[in-house]
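J.: dropping a prediction and its sequence here:
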Number of protein chains: 2
Amino acid sequence: MRLSRYYAPTLKESPAEAEVISHKLLLRAGMIRKLTAGIYTYLPLGLRAVNNVARIVREEMDRAGALEILMPAVQPADLWKESGRWDFYGRELLRFVDRHDRESCLGPTHEEVVTDLVRHEIRSYRQLPVNLYQVQTKFRDEIRPRFGLMRGREFVMKDAYSFDKDDAGADASYKSMFDAYARIFTRLGLKFRAVSADSGAIGGSFSHEFMVLAETGEDTIVACPACDYGANLEKAETIAPAPGAAAPCPPAESVPTPGVHTVEEVAAYLGVAPARIVKTLLYMADGTPVAALVRGDRELNEIKLKNLLGATNLRLATPEEVVTLTGAPVGFAGPVGLSSAKIYADQELACGTDWIVGANAADAHLRQVDLARDARVVDFVDLRQVAPGDTCPKCGAALDFTKGIEVGHVFKLGLKYSKALSATFLDEAGKEQFMIMGCYGIGVSRIVAACIEQNNDASGIVFPPPIAPFEAALINLSPKDETASAKADEIYAALTKAGVETLLDDRDERPGVKFKDADLIGLPIQLTLGGKGLARGIVETKDRRTGEKGELPLEGFLEAFMGWREQVRQGWGLE
Amino acid sequence: MRLSRYYAPTLKESPAEAEVISHKLLLRAGMIRKLTAGIYTYLPLGLRAVNNVARIVREEMDRAGALEILMPAVQPADLWKESGRWDFYGRELLRFVDRHDRESCLGPTHEEVVTDLVRHEIRSYRQLPVNLYQVQTKFRDEIRPRFGLMRGREFVMKDAYSFDKDDAGADASYKSMFDAYARIFTRLGLKFRAVSADSGAIGGSFSHEFMVLAETGEDTIVACPACDYGANLEKAETIAPAPGAAAPCPPAESVPTPGVHTVEEVAAYLGVAPARIVKTLLYMADGTPVAALVRGDRELNEIKLKNLLGATNLRLATPEEVVTLTGAPVGFAGPVGLSSAKIYADQELACGTDWIVGANAADAHLRQVDLARDARVVDFVDLRQVAPGDTCPKCGAALDFTKGIEVGHVFKLGLKYSKALSATFLDEAGKEQFMIMGCYGIGVSRIVAACIEQNNDASGIVFPPPIAPFEAALINLSPKDETASAKADEIYAALTKAGVETLLDDRDERPGVKFKDADLIGLPIQLTLGGKGLARGIVETKDRRTGEKGELPLEGFLEAFMGWREQVRQGWGLE
């Protein structure tokens, strides 16, 4: 493609609307433009990057035996009522009525539609398994869309849905998708990690997230450097400390703690470490009060508590509720004598005595507390967030904490939707059974943003070759010079013929502008032709990732180029 | 692809919902499924056909220099208000408010969005021309969606928009798109015709429709067999008859016509041919009364009248209005003495005298009327619909009338949107000018339906090779026989390697079921392996279009196959 006839409107300055680096660079490099909040037009370069991702996704889905279909964006409310999500799904589901006053929505996901499809077609175990996928534009009415393609309202997703006749089959489908995802992100040239994840509101048995590693990521990933353990922060397990011989402690006694409420204040006031204090957090789980205890220097993991309780709705108790439950103002809740709420304690608290806890009375705490002795703890379980210093639950090595961006998610759904929508089949014995489902999503447009969050520098984007809109930028420094232009055309034709997608900068612009734009757009390979180099019979090269410059001879250019290109790809870790 | 692992649920019976042949066959062949009124899921076979069309469309758009982008489905109301279409566009525009109560719509077309895009980017004539296109899912809330993919609510379109600095450039862009469309439909293997069309509500200077010829088409195409003239019925011109020496007629006089209202009744009552009678049709054009006269045996073309008047809203006068305007009940309106409405007559009526017209009085007509003499006709112009027997306005040959399905439309828009949205640039002289626009649509998913309307028989679809989901069906008659299956696999692998996309029917089904399904799905090439043929060392062949059967040797199969395949393609008129 010749840049003089292309539509890649680069910008010198970052538009004020852009907060994160990928958003800034996508706008500056002329890849996207905002239409309205969270809704973007993909310009030619941006669309090529999205299509490159989609192509690799499709290839690996096809290879895994999934079949591509295309489901509608507009969905009838009836199906969502049947699954129960019409009421459960929040305002992210954009709802409307059509001209005949039929309630409808713009699909943020397609579990209902695909389950409705197969329940009308599949009658026998002989027709299973089936895995249907699509690459489709989705809509999610985010309350605060931001970060460009990272959290938009309209976006391109690949979503796949598997249907199996039994649990072993469903596990095999899950594994097959997990492996396909790993191949996809490897082929895309991204540094990523698959981590155990909570299956959250979508329901189901278990799930993994695929995270593109980037310092700017919103998610924290906990990963073991020594084994394959990895989980997102919500899901990461802590290991129970070895049950040491905790010394029995004297009977609990009250100490006055006037006006000190927080762990830090209590620790300072009593002159002890926060790790000696027990935090008592009061929650309402589907309307029932619950107390959760963690060590003063730890954070409670609400997801773990929610899953433990099997609660649909979990929230902190209000200050008024705390007063009612404990008889004391906020800051003095404690487990001793607390009969108004079931008490769950983090497992760490079972391995010690002599704790300091709130006294359920204003301006007082209790010390010398042995929880097993003094409080009615229902269970000691894993309730806290992992923290730096924690060790791997699988192998014991110290865990690493890194940041990541979620770009893929695989779920084993189980029977959630097949039961709700009566998606059944007749098994080998002629008995009606529910299909066992899995669902598998990849944020296709989001990957382009995540890839830029992971790969950029002060000059612009540093595209991995598989995602780059073109593989090579060919800069003609002297487009008005016939010899240079003829040579540029010759190289452009040779590269194109060899399957190297090339963007030829034949614009009548200063070299500085061309170099800046090339760095900004970030194609992995830069070739410069003209000036003294041309006179010497060489093309200048630059590896955008390393910044390393070199030369290739015009004589026998293509062969030399293909060798160097291989090195560039290897530098990216690509086969 | 192996059919045993595919998702192509064929049906023996046509579902009741299907009215037209393409709808029936798309459902029966397992290509689409209805989600809700006018909204379909594309199953694997259907999606492949849509993608085949889209690929050829993209190739030709790219070749013509258009650049692919992707615009959002959800559009803000603000832009539609700016263009004036928020109020003008009817209820086909699906409108809603998002969670922040912002008025939005699901885009049925993208003139506003693309004009908004370029007005922010393009500053100088040096950046023009530009032609941006997309292949995108559109939504049109049809009041009565029907005919499957022919008139759905959600559908796949290619829409392109050109921006030029001057009229000559805009004409060149139009020509370039017209030529690209002709190449597209030729490459798709469809019999089609480009016809002059009315530019209708979308506005603009001139336009052509691309029609796939099919007896079941909703549109009538008027085409000259001798020259390249073609138009849709709305647009087709009639030629003024040679001004013969019309004999002067005696003065007009009233004749009683008690209780006869229609042309046929009057003709029968008076014993004359309908061609001697003049129909006087009363309209309200943007609120102003207008009378339109055509010969009794002709049909008024409302589009011609509307364009003549430059009216936005044209409707027949109500019976009450007719009484007010003529002083007579419906059925007796006439031009003589009619002062309440401007009178326009079809040009044919200038070439004769002695007409019979309504008398503007109950139960009476006038005869011996010379319109030029007796009535205040503003103009004699082309107002009627062409009819069989009419001759070509370009060369005089008798016109053909055929039926077609509109699958593409090219418009020269002119300044309509660039003025409304202030899309300007600085010309060579530094002066601000409006960009001159064109827009160009192709109904990608509709083409699949139109192709089936054109190509089918009693057994099912007869796909042209370029659109067919696979090129060849390879039927293994004995999938349980190891020799046959090994041979089928070998042929399948050889075809796939040679780039012949093949659907291998390896299902454990009776031969009759396989043949029926193969005919129903309609892949252009059928190969059958097994039974006696296999023993004889041959593969049976069938050209789905002609039904012609043959044999190819297993020994040296691929070479023989490629030669026969070339013949099949030539039979389709493909290069």
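T.: Structure's in. What do you need?

J.: for the residue nearest in space to the middle of chain A, which non-adjacent residue is spatially closest?
T.: Nearest to the mean C-alpha position of chain A, counting by CA atoms, centre = their mean, stands A:E406 at 1.0 Å. The shortest distance from A:E406 to any non-neighbouring residue, by CB to CB, 6 or more residues apart in numbering or on different chains, is to A:E209 (5.1 Å). All C-beta atoms are positioned from the backbone trio N, CA, C, and that covers glycine.

J.: who does the lengthiest strand in chain A pair up with?
T.: When chain A is parsed with DSSP state E, its longest strand is strand A:400-414. As defined by DSSP bridges, the strand partners of strand A:400-414 come to strand A:206-213 (antiparallel), strand A:219-223 (antiparallel), strand A:436-443 (antiparallel).

J.: so of those strands, which one's packed in deepest?
T.: strand A:436-443 (a mean of 27; mean count of other CB atoms under 10 Å in any protein chain shown).

J.: the helix or strand that it is followed by and chain B, any residue contact?
T.: For strand A:436-443, the following helix or strand on the C-terminal side (DSSP states H and E) is helix A:444-454. No - Helix A:444-454 does not reach chain B (CB under 8 Å from any CB of the partner chain); its nearest approach is 9.4 Å.

J.: contact partners of the helix or strand that comes right after helix A:444-454?
T.: Note on helix A:444-454: by DSSP H and E, the next helix or strand toward the C-terminus is strand A:456-457. Contact with strand A:456-457 is made by A:21-22, A:25, A:462, A:522, as judged by CB atoms under 8 Å, 6 or more residues apart in numbering or on different chains.

J.: now do 6 Å
T.: Identification of contacts with strand A:456-457 by CB atoms under 6 Å, 6 or more residues apart in numbering or on different chains yields A:21, A:462.

J.: now swap in stretch A:24-32 and tell me
T.: Applying CB under 6 Å, 6+ apart, the set of residues contacting stretch A:24-32 is A:8-11, A:14-15, A:18, A:40, A:42-43, A:45-46, A:148, A:452, A:460-461, A:520-521.

J.: so which helix or strand of chain A has the lowest pLDDT on average?
T.: Ranking every helix and strand in chain A by mean pLDDT, DSSP states H and E puts strand A:230-232 at the bottom, with a mean of 87.

J.: same for the following helix or strand past that strand, what does it pack against?
T.: With elements assigned by DSSP H and E, the helix or strand that comes after strand A:230-232 is strand A:253-256. Under the contact definition 3 or more CB pairs under 6 Å, 6 or more residues apart in numbering or on different chains; DSSP states H and E, strand A:253-256 sits against strand A:364-369.

J.: the strand it packs on: partners in the sheet, and parallel or antiparallel?
T.: Strand A:364-369 has these strand partners (DSSP bridges): strand A:253-256 (antiparallel), strand A:355-358 (antiparallel).

J.: most packed of these?
T.: Counting by mean count of other CB under 10 Å, the most buried of the strands paired with strand A:364-369 turns out to be strand A:355-358, with a mean of 26.

J.: using PDB, write down the CA coordinates of that strand.
T.: What follows is strand A:355-358 as a C-alpha-only set of coordinates in PDB (Å, rounded to 0.1, in the frame of the first residue of the first chain):
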ATOM      1  CA  TRP A 355      -4.900 -12.100  69.300                       C
ATOM      2  CA  ILE A 356      -6.200  -8.600  69.900                       C
ATOM      3  CA  VAL A 357      -9.800  -8.200  68.700                       C
ATOM      4  CA  GLY A 358     -12.600  -5.600  69.000                       C
END
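
J.: domains in chain A, as residue ranges please.
T.: Here the domain assignment for chain A is A:51-234+A:401-453, A:253-381, A:470-571, based on automatic domain parsing.

J.: the last one close to chain B?
T.: By that I understand domain A:470-571. No - if you take CB under 6 Å from any CB of the partner chain as the test, domain A:470-571 misses chain B, and the best it gets is 8.9 Å.

J.: which single residue in chain A comes nearest to chain B?
T.: A:F96 (3.6 Å; CB to the nearest CB).

J.: that's a strand at that residue, yeah?
T.: Yes - judged by DSSP: H, G, I helix; E, B strand; the rest coil, A:F96 forms part of a strand.

J.: am I right that it is in contact with B:F96?
T.: Yes - using CB atoms under 6 Å, A:F96 is in contact with B:F96, at 3.6 Å.

J.: residues touching the residue nearest to A:P145 when sequence neighbours are not counted, list them.
T.: Distances taken as CB to CB, 6+ apart put A:G38 closest to A:P145, at 2.5 Å, once the chain neighbours are dropped. Residues counted as contacts of A:G38 (CB under 6 Å, 6+ apart) are A:142, A:145, A:152-153.

J.: can you check A:W80 too?
T.: A:86, A:112.

J.: list phi and psi for it.
T.: Backbone torsions of A:W80, given as degrees, to the nearest 10, read phi -70, psi -30.

J.: how much space between it and B:A160?
T.: With the distance defined as CB to CB, to the nearest Å, A:W80 ends up 36 Å from B:A160.

J.: equivalent analysis for A:D400, please.
T.: 50 Å.

J.: same question, A:A252
T.: Taken as CB to CB, the span from A:A252 to B:A160 is 79 Å.

J.: now A:G512
T.: The value you get for A:G512 to B:A160, if CB to CB is used, is 34 Å.

J.: higher neighbour count, the two?
T.: Higher neighbour count among A:G512 and B:A160: B:A160, with 28 against 8, using other CB atoms under 10 Å in any protein chain shown.

J.: right, and A:L309 touches A:A285 too?
T.: Yes - using CB under 6 Å, A:L309 is in contact with A:A285, at 4.7 Å.

J.: pick out whichever of these two has more residues nearby.
T.: Each of A:L309 and A:A285 has its neighbours counted (other CB under 10 Å); A:A285 has more, 20 against 17.

J.: for the more buried one, name its beta-bridge partners.
T.: Going by DSSP bridges, A:A285 forms beta bridges with A:T288, A:L314.

J.: so which residues make contact with stretch A:426-442?
T.: A:57, A:124-125, A:157-164, A:170, A:173-174, A:177, A:408-413, A:415, A:417-419, A:423-424.

J.: can you tell me which of those residues are buried?
T.: A:57, A:125, A:157-164, A:170, A:173-174, A:177, A:408-413, A:415, A:417-418, A:423-424 (16 or more other CB atoms under 10 Å in any protein chain shown).

J.: give me the neighbour count for A:P258.
T.: 8.

J.: please name the nearest non-neighbouring residue to it.
T.: With CB to CB, 6+ apart, the residue lying closest to A:P258 is A:D363, at 4.3 Å.

J.: OK, contacts around the closest residue to A:E218 other than its chain neighbours?
T.: Leaving aside its sequence neighbours, A:E218 sits nearest to A:I405 (CB to CB, 6+ apart; 6.9 Å). Neighbouring residues of A:I405 by CB under 6 Å, 6+ apart: A:212, A:214, A:217, A:450.

J.: neighbour-wise, give me the winner out of those.
T.: For these, neighbours tallied by other CB under 10 Å; top is A:A450, 28 neighbours.

J.: quick check: that one touching A:E406?
T.: No - counting by CB under 6 Å, A:A450 does not reach A:E406; the two are 8.5 Å apart.

J.: now A:R102: phi and psi?
T.: Torsion angles, degrees, to the nearest 10, at A:R102: phi -90, psi 130.
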